[in-house]
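Q: My questions are about this predicted structure, shown below with the sequence.
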There are 2 protein chains.
Amino acid sequence: MSGEPIHAELIAVPVAVTGARPRVLTLFDGSALPAGPLESGHRSLQAGLRNWAERLTGHPLGYVEQLYTFADPARSRTGRSISISYLALTAETRTPLGGRVSWQDWYRYFPWEDRREKIATIETAIKPGLDHWSAGSDEHRARASLCFGLDGAAWNEDLVLARYELLYEAGLVREAARDGRPAHGAFAPGAIMTADHRRILATAISRLRAKIKYRPIVFELMPENFTLLDLQRCIEAIAGHTLHKQNFRRLIESQKLLEETGSLASGSGRPAKLFRYRPEILAERAHAGTRLTLARS
Amino acid sequence: MSGEPIHAELIAVPVAVTGARPRVLTLFDGSALPAGPLESGHRSLQAGLRNWAERLTGHPLGYVEQLYTFADPARSRTGRSISISYLALTAETRTPLGGRVSWQDWYRYFPWEDRREKIATIETAIKPGLDHWSAGSDEHRARASLCFGLDGAAWNEDLVLARYELLYEAGLVREAARDGRPAHGAFAPGAIMTADHRRILATAISRLRAKIKYRPIVFELMPENFTLLDLQRCIEAIAGHTLHKQNFRRLIESQKLLEETGSLASGSGRPAKLFRYRPEILAERAHAGTRLTLARS
DNA sequence: CGAAAATATGCTCGTTTCGAGCATAAGGAG
DNA sequence: CTCCTTATGCTCGAAACGAGCATATTTTCG
């Protein structure tokens, strides 16, 4: 194998959920994700990623999963570089973080993705821009409707990345202006990040929202013991919408992923039973949370 | 960003389904996948991949989707390299392929993955080796059971990669011996490939099997017009198991992804209606094939 | 202390989706 | 004309879902 030598960068999206809010670990006061170059000392990509993330933030990554690899369009001088991004699930610790390292609510970057409470972000702050962008193009209008659930289309929570990319294409996020794309109205609300880090965060959220539906990875974000409501709030925080409590309970119990600890949680109302993830399941990893289809025969 | 310069390789897994058999486009008489280094002339990773695949095989890639990126464990001298793999869906053409380029039935590499007809591959050729490997380790036994549906566990068709990796770990595929791992009995049947190409193929099959269940990508593999049975056979070929015909028909029709062409297909029995993928849907790409859950509220 | 508020939990009901089959329709081969 | 083969329609019971009603326990507040 030959080809020009290039540089490889490892980028982490460390996620935690603390008290009903999803958080992402950032550098420079929320403007960048932890990242660093792949070095020869790294035994593997994941090892390199963990090394960098911990070195930069002082916080160890837990469960790690590769997201996507992309290359910048050959920005000549410095030579080409590719970025390999990872989703990391951890628990937020109270350990003080150094310098400008901080946990940020991820909806700070995507306010329109949080629909747990009725807020008209999209109607008032995004739809006008989309209308302007899609005026005169049925194709634009159709895409906007599908992504943002306009014109009677249903809202699909998994389309975080598609929505961000559409806003970028439409010149409705600041990154687009920064990169020299034409504008179509006021910017959508939401904090900007350096380079394409906000896009990577969107990728991470998309993946996480999709994956919690068929794999038991939420537990990577939960403490040892928790109540069913804790678990529900965590999932709601990630999914960005609320769930029907009794049905959620039924679903979880039918999966048999949890076991009671025997103790109860204190709180403002009736105490709830505490549960923990069934250790036996940890080995399996195969099914769980599933609900496949396509009958055999 | 700095870090040592490395080499990046782009690897394609070009898949087609022809007459009820899934095929993969290979080089060197089935022993390697098309691959080549990322070059500065490539506008993007995907562009580079398409370029290499077409140059090597003479066959253009159709739909392309990134699979996974991995690094070899720093094989010193030549410098480090990373590989970025892609799944590509196309239609097999009758165009003659040059040299040692050929389409191969992918079950040639994973005979145990084809369960459309009852064949005791696993019982006779794999279980003995697994038994030997897991003798004395409950953890090994549990993993083997879950992966291969032993001891009453259900068979999960999506675990192609997990099964291959387990066989590798257990020293039951030739690559393991080649890489110097201890053996645990006769090798499982199935053709070997160069480097880790067979593992990449397993990754591609896993992804494809999982994805056809919730996204309408099968159509990338179908001709313009087809009967419902054609479509069913294609999916069965990929999934490795047969489907209940009437229910399959009901499912497909309920999704409204297809429209009748008006003509009929000839054949051995009653002529079947021909369908085509609804062009309007091409724009959507969002839902389709779905069957999510988690009630809102 | 008694009532109101806040949660936790149990259960029901009508609707859909799924898995399995029975039955009928429409060509081709002998 | 009859049999074989594949296409299609429909039904039935089970399981999964979406929405609520009802009850049980605690804490909080007047």
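A: Okay, I see it.

Q: Report the inter-axis angle for the lengthiest strand in chain A versus strand B:7-18.
A: When chain A is parsed with DSSP state E, its longest strand is strand A:7-18. Angle, strand A:7-18 to strand B:7-18, by axes from the mean of the first three to the mean of the last three C-alpha atoms, to 10 degrees: 70 degrees.

Q: relative to strand A:7-18, how tilted is the following helix or strand past strand A:7-18?
A: The element immediately downstream of strand A:7-18 (helix or strand, assigned by DSSP states H and E) is strand A:21-26. Orientation of strand A:21-26 against strand A:7-18 (the same axes, to 10 degrees) gives an angle of 150 degrees.

Q: List the contacts of the residue nearest the centre of chain A.
A: In chain A, the C-alpha nearest the mean C-alpha coordinate belongs to residue A:205, at 2.1 Å (C-alpha atoms, centre = their mean). By C-beta atoms under 8 Å, 6 or more residues apart in numbering or on different chains, residue A:205 lies in contact with A:22, A:106, A:110, A:113, A:160, A:161, A:238. Every residue, glycine included, has its C-beta placed from N, CA and C.

Q: Sort out for me which of these are in strands.
A: Using DSSP E, the contacts of residue A:205 in strands are residue A:22.

Q: how about the contacts of residue A:205, which pair is most distant?
A: A:22 and A:161 (15.7 Å; C-beta to C-beta).

Q: Between these two, which has more neighbouring residues?
A: residue A:22 (24 against 19; other C-beta atoms under 10 Å in any protein chain shown).

Q: For the more buried one, give its distance to residue A:240.
A: Distance, residue A:22 to residue A:240, using C-beta to C-beta, to the nearest Å: 9 Å.

Q: Now do the shared contacts for these two.
A: Common neighbours of residue A:22 and residue A:240 (criterion: C-beta under 8 Å, 6+ apart): residue A:107.

Q: now the strands for chain A?
A: Assigned by DSSP E, the strands in chain A fall at A:7-18, A:21-26, A:35-37, A:63-71, A:81-89, A:102-105, A:258-265, A:272-277.

Q: roughly how far out does the shortest one sit from the chain middle?
A: When C-alpha coordinates are averaged (C-alpha atoms, centre = their mean, to the nearest Å), strand A:35-37 and its chain have centres 20 Å apart.

Q: Ok, the last one next?
A: Average the C-alpha atoms of strand A:272-277, do the same for its chain, and the two points are 26 Å apart (C-alpha atoms, centre = their mean).

Q: what's the angle between it and strand A:258-265?
A: Using the same axes, to 10 degrees: strand A:272-277 against strand A:258-265 is 140 degrees.

Q: Is strand A:272-277 in proximity to DNA strand C?
A: Yes. Residues of strand A:272-277 contacting DNA strand C under C-beta under 7 Å from any atom of the strand: A:272, A:273.

Q: Distance check, the residue lying closest to residue A:14 once chain neighbours are set aside against DNA strand C.
A: Spatial nearest neighbour of residue A:14, excluding adjacent residues (C-beta to C-beta, 6 or more residues apart in numbering or on different chains): residue A:25 at 3.9 Å. Here residue A:25 is placed at a distance of 28 Å from DNA strand C (C-beta to the nearest atom of the strand, to the nearest Å).

Q: Quick check: the residue of the stretch 101-250 of chain A nearest chain B.
A: Proximity to chain B, evaluated over the stretch 101-250 of chain A using C-beta to the nearest C-beta, is greatest for residue A:244 at 4.1 Å.

Q: what's around that residue, how many residues?
A: 14.

Q: again, but for residue A:245
A: Residues lying near residue A:245 (other C-beta under 10 Å) number 12.

Q: if I read this right, it contacts residue A:233, doesn't it?
A: No. Between residue A:245 and residue A:233 there is no contact under C-beta atoms under 8 Å: 10.5 Å.

Q: Let's test this: mean pLDDT of stretch A:235-250, rounded?
A: What stretch A:235-250 shows for mean pLDDT is 93.

Q: make that stretch A:188-195, sorry
A: Taken as a whole, stretch A:188-195 has an average pLDDT of 95.

Q: how about that stretch, does it get close to chain B?
A: No. Judged by C-beta under 8 Å from any C-beta of the partner chain, stretch A:188-195 and chain B are separated, with a smallest distance of 10.2 Å.

Q: roughly how far is that stretch from the heart of the chain?
A: 15 Å.

Q: Pull out the buried residues from that stretch.
A: Buried residues in stretch A:188-195, defined by neighbour count with 16 or more other C-beta atoms under 10 Å in any protein chain shown: A:188, A:190, A:191, A:193, A:195.

Q: likewise stretch A:202-222?
A: A:202-214, A:216-222.
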